[in-house]
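Undergrad: the sequence and its predicted three-dimensional model are supplied below.
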There are 2 protein chains.
Amino acid sequence: MAEGMEREGIAPRKRPVTLRDVAEEAGVSLATASKALNDQGRMTAETRARIQETARRLGFRPNGLAQSLLRQRSFTVGMLTNDTYGRFSLPLMAGISEALVDNGVSVFLCNVEDDPRLGQLHVDAMLEKRVDGIIATGKRLDRRLPIDLSQLGVPVIYAFTEPDADAIAFVSDDEGGARLAVEHLVALGRRRIVHVTGPARFAVVHQRAAAYRAVLAEAGLAEAPVMMGNWTESWGREAVDILFSKPADRPDAIFCGNDQIARGVIDGLRERGIDVPGSVAVVGFDNWEIVAAEARPPLTTVDMNLAALGREAGLTLLSLVDGKPVEPGIRKLPCRLVVRQSCGRPPDGQ
Amino acid sequence: MAEGMEREGIAPRKRPVTLRDVAEEAGVSLATASKALNDQGRMTAETRARIQETARRLGFRPNGLAQSLLRQRSFTVGMLTNDTYGRFSLPLMAGISEALVDNGVSVFLCNVEDDPRLGQLHVDAMLEKRVDGIIATGKRLDRRLPIDLSQLGVPVIYAFTEPDADAIAFVSDDEGGARLAVEHLVALGRRRIVHVTGPARFAVVHQRAAAYRAVLAEAGLAEAPVMMGNWTESWGREAVDILFSKPADRPDAIFCGNDQIARGVIDGLRERGIDVPGSVAVVGFDNWEIVAAEARPPLTTVDMNLAALGREAGLTLLSLVDGKPVEPGIRKLPCRLVVRQSCGRPPDGQ
DNA sequence: GCAGAGTGAGAAAAGCTTTTCTCAAGAAGG
DNA sequence: CCTTCTTGAGAAAAGCTTTTCTCACTCTGC
């Protein structure tokens, strides 16, 4: 019956070829075919080779759905974010994806905005598709996603977002990051360092400000005011106007709460004819390449290592899925200072 | 046997509850339980209600893997991109995801950089997981992804990337977009319009330049030089230096190839004391919010409607998956002009 | 020549759901 | 009272792979 049948074309169009097809073509049973392809069971080397060759020729590809059903493991995880694919999610995703792809795990990306309905929709879809786990990420360390993930029955990891109680979370160490920045300025001999940052309703604003104050105290420097505003360039320019409109107490360094503010600060200073870094050094936060690298001069800034954070989160999720116990709690991962040109000569020994 | 058994806790820990559990608990067969939950088959309203109630109480959730295996449809699609989750992929994804989530379809996001090995890895993973289709997106309209998707045996849609032969693709209409920009300037009475754009090796550079020349010709205006450089702010500033260093032939409008160039142009003009839009009008391309909205003045720019493009691509893929025939070919979707303040008063009637 | 060991390969179950038959019991009609 | 129709519900197959048994056959050693 298979005698006169010619396989036409190249693409395995229509119905995908199954293990049964391979077995029939090779004249063996399903069991034998399966074992041959998985290098398991006992059989002649010749039989094994023949089956493998047949599979190759037919373009056989095992059906992952069937495998998953049997193994109770889908090699699939869901990623939730409310950062409409934004600045923070991006490197985070890159790290997560990198950690998982090498283990054959694919990632469902789900943007839930801040909409509980949309969140529930995506979570339901994930659970029905039997994801092995979920990674929750966000755009703010101090905001929860609009859905409760604590009772789902699958492992959940939080990355760069406020976790539920008793959860496993990875966040950036903002105090440490701010420390790096301010200590850098101190080491460069700056004495009057001010902090221009975002709105008071952000937790990170207070964390970074606290570290800023601590470093000043440790260095025996007078505390300068912390100026809170928006996360925008225009606030940076405005802050410069405030700081430099009066002749006294002008700073010789400005530590900014993010790169956009820093960029505004740099622009404001340039427009006033104040040299950066000659007269005033500027440090940013976030290392948002497109802003930091194109600033004039290019911006020295704090990088939160989000890709590394994502990778860590991904690997930990895999451990969890494999049943290894993981201590709950919040893990802070260190930031890193990216030195460009807005602070002048780097201090000795760095 | 089930008599003394108390369900403890809330979370369905360990083994998820299956249809068999529901059937046993309700005292019916699997078949009846299935039909009850799907509102199919015949049975007393009372039986149906009892089964549904039981399912609800037990927190039953059908196993999507089993359903997919049977239906030959996984309600899953893969998205490939080489735009390391960048500026273009982002809105594209948002649109695609939006179109699909309402149909219960989840999206595997796969960043393949420009690495054929990584691409093959992801494509293999997708095929094993039996995605219903694939959407290929990129960061450039004139570059292929590093893998051949034409013989995969699943439907493929290309969005914002160079398609393989005989494929279905959605791209932005860059000529049309450039037209919108230049016609806007002409309508505002600008007479000497120059075009500052990116490197000649980009196809869009030539498409947009051609449209620019065509509109000038139609308006009876003298053709000004097309200045090709980099997609950077510094090139925008440099171009201004070139254009305004000599006193003659100064433009009264500049059409920029992207928003970063436009931003550089605006900064360059401001630093020369040239009023925007008073003396010179500026238009950008891409509508990259963070750049366009924070420019001084905020930038009028061309938006490629990438979210709409993604939505269209998603819906078309669904048609394809449902077996509806779709004519191959490249579909160009219109751009849209976002008017902010860098061109002055919008022309009458708009 | 025969018991026991080893070897190659197949049968069958499991994983979960959906759908098509099949069947038994009760109701309606002659 | 017997036949036919209707109705409620279950049995079984299908979708694809993996794994554990089981079985038949061939050596090996005595």
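TA: It's in.

Undergrad: and A:Phe270, how far is that from A:Ala295?
TA: Check again: residue A:270 is Arg, not Phe. 10 Å (C-beta to C-beta, to the nearest Å). From N, CA and C alone the C-beta is placed, and that goes for glycine too.

Undergrad: same check, this time on A:Ala308
TA: Plainly put, A:Ala308 is 24 Å away from A:Ala295 if you go by C-beta to C-beta.

Undergrad: more neighbours, those two?
TA: For A:Ala308 and A:Ala295, the more surrounded residue by other C-beta atoms under 10 Å in any protein chain shown is A:Ala295, and the numbers stand at 26 against 19.

Undergrad: contact partners for that one?
TA: A:Asp259, A:Ala262, A:Arg263, A:Ile266, A:Gly284, A:Ser342 (C-beta atoms under 8 Å, 6 or more residues apart in numbering or on different chains).

Undergrad: which helix or strand contains the last one?
TA: So the one you mean is A:Ser342. Of the helices and strands defined by DSSP states H and E, none includes A:Ser342.

Undergrad: in a helix, A:Ala181, correct?
TA: Yes. Secondary structure of A:Ala181 (DSSP: H, G, I helix; E, B strand; the rest coil): part of a helix.

Undergrad: picking up where we left off before, most neighbours of all the contacts of A:Ala295, which one?
TA: Ranking these using other C-beta under 10 Å puts A:Gly284 first, with 31 neighbours.

Undergrad: who touches that one in this structure?
TA: So, once contact is read as C-beta under 8 Å, 6+ apart, A:Gly284 ends up touching A:256, A:258-259, A:261-263, A:291-292, A:295, A:299-302, A:342.

Undergrad: which residues of the stretch 251-350 of chain A fall in helices?
TA: Under the criterion DSSP state H, counting those that start in this stretch, the stretch 251-350 of chain A carries helices at the ranges A:259-271, A:289-292, A:306-321.

Undergrad: so can I have JSON lines of those helices showing distance to B:Val215 and mean pLDDT?
TA: Below are the helices of the stretch 251-350 of chain A laid out as JSON lines (distance: least, C-beta to C-beta, whole Å; pLDDT from 0 to 100):
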{"stretch": "helix A:259-271", "distance to B:Val215": "33", "mean pLDDT": "96"}
{"stretch": "helix A:289-292", "distance to B:Val215": "30", "mean pLDDT": "90"}
{"stretch": "helix A:306-321", "distance to B:Val215": "43", "mean pLDDT": "96"}
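
Undergrad: quick one on the thing from earlier: quick one: which of the contacts of A:Ala295 is nearest to DNA strand D?
TA: Nearest to DNA strand D among those, counting by C-beta to the nearest atom of the strand, is A:Asp259 at 48.7 Å.

Undergrad: surely the closest one meets A:Val282?
TA: No. Judged on C-beta atoms under 8 Å, A:Asp259 makes no contact with A:Val282 at a distance of 10.2 Å.

Undergrad: what about the helices in chain A?
TA: For chain A, applying DSSP state H gives helices covering A:19-26, A:30-37, A:45-58, A:64-71, A:89-101, A:116-128, A:174-187, A:203-218, A:233-245, A:259-271, A:289-292, A:306-321.

Undergrad: closest to the centroid, which residue in chain A?
TA: Per C-alpha atoms, centre = their mean, the C-alpha nearest to the average position across chain A is that of A:Leu92, at 1.0 Å.

Undergrad: let me see the contact set for whichever residue of chain A sits closest to DNA strand C.
TA: Residue nearest to DNA strand C within chain A: A:Met43 (2.7 Å; C-beta to the nearest atom of the strand). Counting by C-beta under 8 Å, 6+ apart, A:Met43 makes contact with A:Thr32, A:Lys35, A:Ala36.

Undergrad: go through the helices of the stretch 251-350 of chain A and pick out the most buried.
TA: The highest average neighbour count among these, using mean count of other C-beta atoms under 10 Å in any protein chain shown, belongs to helix A:259-271 at a mean of 25.

Undergrad: quick one, it and helix A:233-245 angle?
TA: Calculated by axes from the mean of the first three to the mean of the last three C-alpha atoms, to 10 degrees, helix A:259-271 forms an angle of 40 degrees with helix A:233-245.

Undergrad: what sits against the nearest residue to A:Ser319 once chain neighbours are set aside?
TA: Nearest non-adjacent residue to A:Ser319, counting by C-beta to C-beta, 6 or more residues apart in numbering or on different chains: A:Val326, 5.9 Å away. By C-beta under 8 Å, 6+ apart, the contact set of A:Val326 is A:Ile168, A:Thr316, A:Ser319, A:Leu320.

Undergrad: quick check: the gap between the residue of chain A closest to DNA strand C and chain B.
TA: 24 Å (C-beta to the nearest C-beta, to the nearest Å).

Undergrad: where in the stretch 51-200 of chain A is pLDDT low?
TA: A:85 (pLDDT under 70).

Undergrad: quick revisit: from A:Ala313, how far out is the residue nearest to A:Ser319?
TA: Taken as C-beta to C-beta, the span from A:Val326 to A:Ala313 is 11 Å.

Undergrad: so the residue nearest to the centre of chain A touches A:Ala308, yeah?
TA: No. A:Leu92 sits out of contact with A:Ala308 when judged by C-beta under 8 Å, with a separation of 9.8 Å.

Undergrad: phi and psi next, for the residue nearest to A:Ser319.
TA: phi -130, psi 130 (degrees, to the nearest 10).

Undergrad: where does the stretch 101-250 of chain A get nearest to DNA strand D, which residue?
TA: Taking C-beta to the nearest atom of the strand, the stretch 101-250 of chain A has A:Gly104 as its residue nearest DNA strand D, at 12.5 Å.

Undergrad: can you pull the contacts of that residue?
TA: A:Gly104 touches A:Phe75, B:Ala125, counting by C-beta under 8 Å, 6+ apart.

Undergrad: swap the cut-off to 10 Å and go again
TA: A:Gly64, A:Phe75, A:Thr76, B:Leu121, B:Asp124, B:Ala125, B:Glu128, B:Lys129 (C-beta atoms under 10 Å, 6 or more residues apart in numbering or on different chains).

Undergrad: how close does the closest residue to A:His206 other than its chain neighbours get to A:Arg143?
TA: Of all residues not flanking A:His206 in the chain, A:Ala200 sits nearest, at 7.4 Å (C-beta to C-beta, 6+ apart). A:Ala200 is 15 Å from A:Arg143, where distance means C-beta to C-beta.

Undergrad: could you do A:Ala222 as well?
TA: Distance check for A:Ala222 against A:Arg143: by C-beta to C-beta, it reads 34 Å.

Undergrad: pick out whichever of those two has more residues nearby.
TA: Neighbour count, other C-beta under 10 Å: between A:Ala222 and A:Arg143, A:Arg143 has more, with 14 against 10.

Undergrad: count the neighbours of A:Val204 for me.
TA: A:Val204, neighbours per other C-beta under 10 Å, totals 21.

Undergrad: quick one: residues contacting it.
TA: Taking C-beta under 10 Å, 6+ apart, we find A:Val204 in contact with A:140-142, A:171-172, A:174-175, A:177-178, A:197-198, A:257-258, A:285.

Undergrad: can you select the buried ones from the residues you listed in PyMOL?
TA: Here is the PyMOL command that selects the buried residues among the contacts of A:Val204 (16 or more other C-beta atoms under 10 Å in any protein chain shown):
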select buried, chain A and resi 141+171+172+174+175+177+178+197+198+257+258+285
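
Undergrad: tell me which parts of the stretch 201-350 of chain A are close to chain B?
TA: Applying C-beta under 10 Å from any C-beta of the partner chain, we find that the stretch 201-350 of chain A lies next to chain B at A:232-234, A:237, A:260, A:263-264, A:267, A:270-271, A:288, A:290-291, A:293-296.

Undergrad: which parts of chain A sit against DNA strand C?
TA: A:27-32, A:41-44, A:47, A:66, A:69-70, A:72 (C-beta under 7 Å from any atom of the strand).
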